[in-house]
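A.B. asks: Sharing a model prediction with you, sequence too.
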Amino acid sequence: MATTLLDLGFDDSFSVGPEFLPARVTRVDRGACDVLGADGELRVSFSGALRRASAQDPVALPCVGDWVAIDPSTQEIVSVLPRRTAIVRAGVTPGTSHGQVLAANVDLVYIAEPAVPSVDLGRIERLLALAWESGAQPVVVITKADLADVDLEVVAEAAPGAEVVAVSSHTGDGLDIVRLRPGRTAVLLGRSGAGKSTLVNALSGAEAMETQAIREADGRGRHTTVHRELLLLPGGGMIIDTPGLRSIGLHAEEGLAQAFSDVEELAERCRFSDCSHDSEPGCAVRAAVEEGILPERRLLSWHKLQREASWMASRTDARLRAEQERKWKIIHKSMRGRSRP
Ligand SMILES: Nc1nc2c(ncn2[C@@H]2O[C@H](COP(=O)(O)OP(=O)(O)OP(=O)(O)O)[C@@H](O)[C@H]2O)c(=O)[nH]1
Ligand SMILES: [Zn+2]
């Protein structure tokens with residue numbers, strides 16, 4: 001069965017000029033991309049204009065999941081189409097755009113959290129903030145559900161607005177709930193060892209991702225899922241597996257507000273509109289904790305992630321700029337190397 005643009009998630013909201021071909025990025029490395037289009041797979045490079053634009057602003061670089069316009073005569077990407085959703089690594093300060101887009105045009109964010117040793121609600125909350133910030137719909141996926149019973153109600157309390165499901169890639173339980181309709185794209189987030197690759201393999205019914213055995217065989221050990229890849233699943237739908245996002249920073253103020261919509265709602269009744277729910281008089285959030293309406297853990301989490309978000313905001317801009325400049329130096333060096341006779 002041939003893959004159509006619709007199967008890849010293309011719709012009226014994306015458009016390219018008549019002289020260009022639309023295609024979806026499945027992988028990016030060293031200034032080139034693998035893309036999938038109506039005519040199948042292609043390896044394409046970046047046009048000069050795109051290189052220049054990306055040097056100014058790394059967010060202009062194509063990333064996995066992007067829809068791009070290809071010039072068929074040069075096999076180059078001439079532009080990245082406006083993203084419907086974007087998972088961004090901390091560093092995008094509002095008003096500037098020094099950051100890194102990890103995945104684009106994702107419909108669902110699967111937050112994988114293993115049932116064992118124990119479900120870490122704090123990590124789920126942090127990834128939920130990131131997910132909400134992306135514009136995609138989060139789903140909390142408790143993995144390895146064959147190993148422990150998890151109270152999904154407790155998880156749901158930490159995840160207002162998100163569906164919570166339990167799956168086992170080993171027994172197949174719950175897999176049907178996370179299967180995707182054709183044209184839909186999910187990205188998997190979660191710490192290393194959460195069972196992301198195993199879940200992708202279970203959904204694709206094949207060894208689509210590098211397995212741990214291979215990783216160990218090549219002597220590099222674990223944590224070496226190097227390439228972000230967009231995979232077409234056999235029953236339709238696409239899944240993006242990113243490297244273990246353990247250190248993903250938080251820069252998601254709106255996302256935080258949504259991940260903590262219960263706290264935000266209570267905060268409307270605080271005496272001060274800028275209440276930090278700390279020691280201010282008339283704090284409705286602390287009152288709710290005292291009355292047992294809001295779990296204290298939720299308020300502590302909220303404090304922790306708020307602090308982290310503002311710390312990231314002050315720190316990441318400079319660091320990311322340096323990182324991107326270094327990257328571009330390497331790319332420019334390799335381009336110079338290539339043009340020598
Ligand atoms: N019992 C059980 N074990 C699982 C399940 N899913 C994954 N595992 C095991 O958990 C370990 C880690 O799984 P991976 O799929 O490699 O985890 P990952 O999230 O891809 O890890 P990184 O690539 O490091 O980010 C492996 O030993 C898997 O066999 C499951 O549903 N049940
Ligand atoms: Zn308050």
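C.D. replies: Thanks, I have it. Ligands and ions are numbered 1, 2, ... in the order given.
A.B. asks: what about the residue lying closest to Asp149 once chain neighbours are set aside, how many residues close to it?
C.D. replies: Nearest residue to Asp149, sequence neighbours excluded (Cβ to Cβ, 6 or more residues apart in numbering): Ala115, at 7.8 Å. To be clear about C-beta, it is placed using only N, CA and C from the backbone, and glycine gets the same treatment. By other Cβ atoms under 10 Å, 19 other residues sit near Ala115.
A.B. asks: List phi and psi for Ala115.
C.D. replies: phi -70, psi -30 (degrees, to the nearest 10).
A.B. asks: Test my guess that it contacts Ala166.
C.D. replies: Yes: Ala115 is in contact with Ala166 according to Cβ atoms under 8 Å; the separation is 7.2 Å.
A.B. asks: Give me the buried positions along whichever helix or strand Val200 is part of.
C.D. replies: Using DSSP states H and E, Val200 sits in helix 196-204. Residues of helix 196-204 classed as buried: Lys196, Ser197, Thr198, Leu199, Val200, Asn201, Ala202, Leu203, Ser204 (neighbour count, 16 or more other Cβ atoms under 10 Å).
A.B. asks: Quick check: the second one vs ligand 2, distance?
C.D. replies: Going back to what we said before, that points to Ser197. 42 Å (Cβ to the ion, to the nearest Å).
A.B. asks: Can you give me the pLDDT of Asp262?
C.D. replies: Per-residue pLDDT puts Asp262 at 92.
A.B. asks: Ligand 2 versus that one, what's the distance?
C.D. replies: Taking Cβ to the ion, one finds Asp262 at 13 Å from ligand 2.
A.B. asks: from the buried residues of helix 196-204, which are also near ligand 1?
C.D. replies: Subset of the buried residues of helix 196-204 in contact with ligand 1: Lys196, Ser197, Thr198, counting by Cβ under 6 Å from any ligand atom.
A.B. asks: Tell me who's in contact with the last one.
C.D. replies: The contact partners of Thr198, by Cβ atoms under 8 Å, 6 or more residues apart in numbering, come to Thr143, Ser169, His170.
A.B. asks: Apply the buried test to those and list what passes.
C.D. replies: Here, 16+ other Cβ under 10 Å leaves Thr143, Ser169 buried among the contacts of Thr198.
A.B. asks: Kindly indicate which of the contacts of Thr198 lies nearest ligand 2.
C.D. replies: Distance to ligand 2 across those (Cβ to the ion) is lowest for Thr143, with 35.2 Å.
A.B. asks: For the closest one, list each beta-bridge partner.
C.D. replies: Judged by DSSP bridges, the bridge partners of Thr143 are Pro114.
A.B. asks: quick one on the thing from earlier: same list (the ones next to ligand 1 among the buried residues of helix 196-204) but as a markdown table, adding pLDDT.
C.D. replies: Formatted as a markdown table, these follow (pLDDT from 0 to 100):
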| residue | pLDDT |
| --- | --- |
| Lys196 | 90 |
| Ser197 | 88 |
| Thr198 | 92 |
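A.B. asks: who touches both of Ala115 and Ala166?
C.D. replies: Common neighbours of Ala115 and Ala166, using Cβ under 8 Å, 6+ apart, are Ile142, Ala145, Val150.
A.B. asks: Highest neighbour count among those residues?
C.D. replies: Ile142 (25 neighbours).
A.B. asks: and the helix or strand Ala112 falls within, what does it pack onto?
C.D. replies: Following DSSP H and E, one finds Ala112 within strand 108-114. Packing partners of strand 108-114 (3 or more Cβ pairs under 8 Å, 6 or more residues apart in numbering; DSSP states H and E): helix 121-134, strand 137-143, strand 185-189, helix 196-204.
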